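**Q** I would like the atomic coordinates for the input below:
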Amino acid sequence: MSREQNLFDQLKPYQERIDTALRAEFDALPDYRLYGMLRYFMGFADEELRPTAGYGGKRFRSMLTLVLADAYNVSENALPLATALELFHNFTLIHDDIEDNDEERRGRPTVWKLWGVPHAINAGDAQLLLVSEVLTRGCAPLGPSGYSLMEHMLGVCREVAEGQYLDFTLAEMSLGDASVDESIYFDMLTKKTSVLVALAAEIPGILAECTKDEQEALWAYGLHLGIAYQLYDDWMSIWGTRDVTGKQALGDLKEKKKTLPVLRAREALTGGDRARLIELYGCAGALQDAQVQEVKVLLESAGVQAAVHTSIADYRTKARSAVDTLSVSDENKRMLRAIVDTLVPEPPTV
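**A** Have a look, this model is predicted:
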């Protein structure tokens, strides 16, 4: 059994609690095909919209909230907030698939591929509104502090939209543009991916009325974990294998994504090699296989693997260090560190 599988087996009870809460939300909705599409995306229905116990993702963010909620003894109040968080994350993926023209997710056709772009946009919009309903119901019993928490959570969700905007902006810019640098990349990564993980970790600390320092440590844990995970994912998309990543080999290079390895290579390369990398990234449409291999050779000649390894290790260390100051039990701390080590293992040597 892999280390990742072992961890998620330990977390399975939390996943089951989230899935039960999600199913209850969908069961309360009208019997429209619209909501069948959402059930399908969440893994609760097949392509014919028949009920299924199929795979709908690991529920990592919401599980993290519940793990920490148990640690702080605020599970009852945390469940609806974790449910809203899971619904929001999946809403973004429904729209991501449209924006990226992705035909598959989790080994199944995407919503837009099955039912068309208009239905997928509308279904995503409906799920976003459901997020607001679930969040309102979850925060209302908390009184004035619930209003502040809801405002905070919605603000973080808006940051995710800002991150998507920055992703679009970065994709539109030329690799040769001087303003395309690590700063805009990390701004995009942090907002699009990491702040939602940070929020997932922070929610239980807010509910438990922890000190400001403890809430900040929880936020730092999630934020650095999210950054480390995305850096690892970017690295593996180039040098990992499909049987490990589950994704198209070299897909990020084919799509000319300006990830950290590419940005580091642009700075390290000189002369004709640097110009060729910029030229390849300026080609219209997706790169052909031969061009992708040429980009990969350029990245390797720039020696970026070691530098990106170091960045991943730095953020892993920051996430693990944030755990040290928490007031939770040693057992809880071990679990939080195990989550870091499992989701962001040391990248393989190439």
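**Q** which SS state does the most centrally placed residue in the chain fall under?
**A** Among the residues of the chain, the one closest to the centroid is Thr193, at 4.6 Å (CA atoms, centre = their mean). Following DSSP: H, G, I helix; E, B strand; the rest coil, Thr193 is assigned to helix.
**Q** so who does it touch?
**A** By CB atoms under 8 Å, 6 or more residues apart in numbering, the residues touching Thr193 are 163, 226-227, 229-230. C-betas here are computed from N, CA, C, even on glycine.
**Q** top of those by neighbour count?
**A** Gly226 (27 neighbours; other CB atoms under 10 Å).
**Q** which residue is the nearest non-sequential neighbour of it?
**A** Once flanking residues are discounted, Gly226 sits nearest to Ser194: 3.1 Å by CB to CB, 6 or more residues apart in numbering.
**Q** so Ala120 touches Glu103, yeah?
**A** No. Ala120 sits out of contact with Glu103 when judged by CB atoms under 8 Å, with a separation of 11.8 Å.
**Q** in the stretch 151-300 of the chain, which spans are helices?
**A** In the stretch 151-300 of the chain, the helices defined using DSSP state H, counting those that start in this stretch lie at 182-189, 195-207, 212-239, 242-245, 251-254, 260-268, 271-281, 289-301.
**Q** Ile121: what's it in contact with?
**A** Counting by CB under 8 Å, 6+ apart, the residues that Ile121 touches are 95, 98.
**Q** tell me which element it is part of?
**A** Using DSSP states H and E, Ile121 maps to helix 117-139.
**Q** for that helix, output the C-alpha coordinates as CSV.
**A** Taking C-alpha atoms only, helix 117-139 is exported to CSV below (Å, rounded to 0.1, in the frame of the first residue of the first chain):
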residue,chain,number,x,y,z
VAL,A,117,-21.0,24.5,-22.7
PRO,A,118,-24.2,26.5,-21.9
HIS,A,119,-25.4,23.7,-19.6
ALA,A,120,-22.0,23.5,-17.9
ILE,A,121,-21.8,27.2,-17.3
ASN,A,122,-25.3,27.3,-15.9
ALA,A,123,-24.7,24.2,-13.7
GLY,A,124,-21.5,25.8,-12.3
ASP,A,125,-23.5,29.0,-11.6
ALA,A,126,-26.1,26.9,-9.8
GLN,A,127,-23.5,25.2,-7.6
LEU,A,128,-21.9,28.6,-6.7
LEU,A,129,-25.3,29.8,-5.5
LEU,A,130,-25.7,26.6,-3.6
VAL,A,131,-22.4,27.4,-1.9
SER,A,132,-23.9,30.7,-0.6
GLU,A,133,-27.0,28.9,0.7
VAL,A,134,-25.0,26.3,2.6
LEU,A,135,-22.6,28.8,3.9
THR,A,136,-25.4,31.1,5.1
ARG,A,137,-27.1,28.2,6.9
GLY,A,138,-23.8,27.2,8.5
CYS,A,139,-22.8,30.7,9.7
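**Q** returning to that earlier point: what's the overlap in contacts for Ala120 and Glu103?
**A** With CB under 8 Å, 6+ apart as the test, Ala120 and Glu103 both reach Thr110.
**Q** who has more neighbours, those two?
**A** Ala120 (21 against 11).
**Q** for stretch 130-140, which positions count as buried?
**A** 130-131, 134-135, 138-139 (16 or more other CB atoms under 10 Å).
**Q** same question for stretch 284-298.
**A** Quick answer for stretch 284-298 (16+ other CB under 10 Å): 287, 291-292, 294-296, 298.
**Q** which one of these is nearest Leu277?
**A** Distance to Leu277 across these (CB to CB) is lowest for Leu298, with 5.0 Å.
**Q** doesn't Ala268 make contact with the closest one?
**A** No. Leu298 is beyond contact range of Ala268, at 9.7 Å (criterion: CB under 8 Å).
**Q** where does the prediction get shaky in the chain?
**A** Along the chain, segments meeting pLDDT under 70 span 1-5, 54, 241-249, 347-350.
**Q** domain parsing for it?
**A** Listed domain ranges for the chain are 1-142, 176-350 (source: automatic domain parsing).
**Q** just the contacts of Thr193 now: which is nearest Pro51?
**A** Closest approach between these and Pro51, by CB to CB: Tyr229, at 31.8 Å.
**Q** any idea how far Met236 is from that closest one?
**A** 10 Å (CB to CB, to the nearest Å).
**Q** next: Leu93.
**A** Between Leu93 and Met236 the distance, using CB to CB, works out to 19 Å.
**Q** ok, Arg158 next?
**A** Taking CB to CB, one finds Arg158 at 29 Å from Met236.
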